[in-house]
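Colleague: fold the following for me, if possible:
(2 chains)
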Amino acid sequence: GDSVTQMEGPVTLSEEAFLTINCTYTATGYPSLFWYVQYPGEGLQLLLKATKADDKGSNKGFEATYRKETTSFHLEKGSVQVSDSAVYFCALHGGGGYQKVTFGIGTKLQVIP
Amino acid sequence: GAVVSQHPSWVICKSGTSVKIECRSLDFQATTMFWYRQFPKQSLMLMATSNEGSKATYEQGVEKDKFLINHASLTLSTLTVTSAHPEDSSFYICSAEGLAGRQETQYFGPGTRLLVL
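Modeller: Numbering: from 1, shown residues only, chains lettered A, B, ... in the order given. Now for the predicted structure:
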């Protein structure tokens, strides 16, 4: 079945540091890939997505590229801020004809001033 | 953009009572809605898929008689936790599938936190 493997946190960075959160997946068919963010006490918000190989999703300074050859969708940001502190979930949707979202375990990011 | 609401956002109840959680798509019609459960420091686990006008499809290990799902209209799905117990305390999140441009996209609600005493 579909699965998403995500690096376990927590990840602690100083403000303005470079961020990478690794995500790899296994899926049948051609899934769409997502990054969701969950701020403390809130629900999930879609951060960015990519629907086919080599697509790059970007939003709020975050980027991720759909790499079919390495089955990866790593999240990056060049300069993190304290307000980026949250839990980040990598997810895949679809592929194989069954339209359910499979989530990774989530990576907690803490940015310190 | 598309919005999904959940009500209530917080509920505290006594053991043995039933709790109903509503999920509404506010500006689009959703033929399919999903219910997830999130335990502390864990990922979301899909509980069931709900299609308007038909019975929900439950994931393996989810008790359909305990977690009743009704999808009566294209904008409303409800999850009822029957005879709730402390182990049912969790964060319940719904999502609704709708069109964003020409592509089906899932939109997530803000979640409902349930605490069973």
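Colleague: pLDDT at the closest residue to A:Asp55 other than its chain neighbours, what is it?
Modeller: Nearest non-adjacent residue to A:Asp55, counting by C-beta to C-beta, 6 or more residues apart in numbering or on different chains: A:Tyr66, 4.8 Å away. Heads up, the C-betas are built off the backbone N, CA and C, glycines and all. As predicted, A:Tyr66 sits at a pLDDT of 97.
Colleague: where does chain A dip in pLDDT?
Modeller: Chain A contains residues with pLDDT under 70 at A:94-99.
Colleague: which residues does the closest residue to chain B within it contact?
Modeller: Of the residues in chain A, the one nearest chain B is A:Gly43, at a distance of 3.8 Å by C-beta to the nearest C-beta. A:Gly43 sits next to B:6, B:93, B:108-111 when contact means C-beta atoms under 8 Å, 6 or more residues apart in numbering or on different chains.
Colleague: the same query, at a cut-off of 10 Å, please.
Modeller: Under the criterion of C-beta atoms under 10 Å, 6 or more residues apart in numbering or on different chains, the neighbours of A:Gly43 are A:36, B:4, B:6, B:9, B:38, B:91, B:93-95, B:108-112.
Colleague: max pairwise distance over those residues: which two?
Modeller: Pairwise distances across these (C-beta to C-beta) peak at 18.6 Å, for the pair A:Tyr36 and B:Ser9.
Colleague: just read off the phi/psi values of the residue nearest to A:Asp55.
Modeller: phi -80, psi 110 (degrees, to the nearest 10).
Colleague: so it touches A:Ser72, yeah?
Modeller: Yes - under the criterion of C-beta atoms under 10 Å, A:Tyr66 makes contact with A:Ser72 at 8.4 Å.
Colleague: what's around B:Val116, how many residues?
Modeller: By other C-beta atoms under 10 Å in any protein chain shown, the residues close to B:Val116 number 20.
Colleague: so it makes contact with B:Thr82?
Modeller: No - assessed by C-beta under 10 Å, B:Val116 is found out of contact with B:Thr82, at 11.8 Å.
Colleague: shared neighbours, these two?
Modeller: B:16-17, B:19, B:88.
Colleague: and those as JSON lines, adding distance to B:Leu74?
Modeller: Formatted as JSON lines, those follow (distance: C-beta to C-beta, whole Å):
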{"residue": "B:Gly16", "distance to B:Leu74": "33"}
{"residue": "B:Thr17", "distance to B:Leu74": "30"}
{"residue": "B:Val19", "distance to B:Leu74": "24"}
{"residue": "B:Asp88", "distance to B:Leu74": "28"}
